[in-house]
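Chemist: Coordinates for the following, if possible.
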Amino acid sequence: LSSFDAVSFQWIANLSSAASLTFSYISMEAKFRPCMVELESGDALLNTTLPVMIFHPVLLVQLISMLSLVHAILTALVVAGVELDPSAWLLRYAVAALGPYFTFGMGYFLVTLSFVFAYVFFL
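Modeler: Sure, this is the predicted structure:
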């Protein structure tokens, strides 16, 4: 398998985890909707946090553990005598695996102006 295939399979696993997490949230909301705090618009207060569910620890742990496994494989290859630069390959893999997460996160916090809210109320 090429590194592209490995990253693709990792993203498929992550997206299926995200889908199951979303469906479990929908099920929980259907069951406990009467006791949820509602906003003036009629939306549940918990629904405002739904876009950041992609940063749920269950999903991020999968990415970080995959990154640590790639680091271990690269270290083993260097010890075995294979001529490669492990830091360059690890950087390529980290950008492919974690790049979309950081891009989405920065875009979300810039578009929603969450950084202004955090600066005003928490600093």
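Chemist: got a list of what the nearest residue to residue 22 once chain neighbours are set aside touches?
Modeler: Leaving aside its chain neighbours, residue 22 sits nearest to residue 53 (6.6 Å; criterion: CB to CB, 6 or more residues apart in numbering). Heads up, the C-betas are built off the backbone N, CA and C, glycines and all. Residue 53 is in contact with 18, 21-22, 25, counting by CB atoms under 8 Å, 6 or more residues apart in numbering.
Chemist: now residue 53: how far from residue 66?
Modeler: To residue 66, residue 53 is 19 Å away according to CB to CB, to the nearest Å.
Chemist: and if you look at residue 54?
Modeler: From residue 54 over to residue 66 (counting by CB to CB), the distance is 16 Å.
Chemist: Please pull out the lowest mean pLDDT helix or strand from the chain.
Modeler: Lowest on mean pLDDT, DSSP states H and E among the helices and strands of the chain sits helix 114-122, with a mean of 70.
Chemist: need the next SSE after the host helix or strand of residue 70, C-terminal direction.
Modeler: According to DSSP states H and E, residue 70 maps onto helix 57-79. Moving toward the C-terminus from helix 57-79, the next helix or strand (DSSP H and E) is helix 86-111.
Chemist: List the buried residues of that following helix.
Modeler: By neighbour count with 16 or more other CB atoms under 10 Å, helix 86-111 contains the buried residues 86, 89-90, 93-94, 96-97.
Chemist: Quickly name whichever of these is closest to residue 10.
Modeler: Nearest to residue 10 among the buried residues of helix 86-111 is residue 97, at 6.3 Å by CB to CB.
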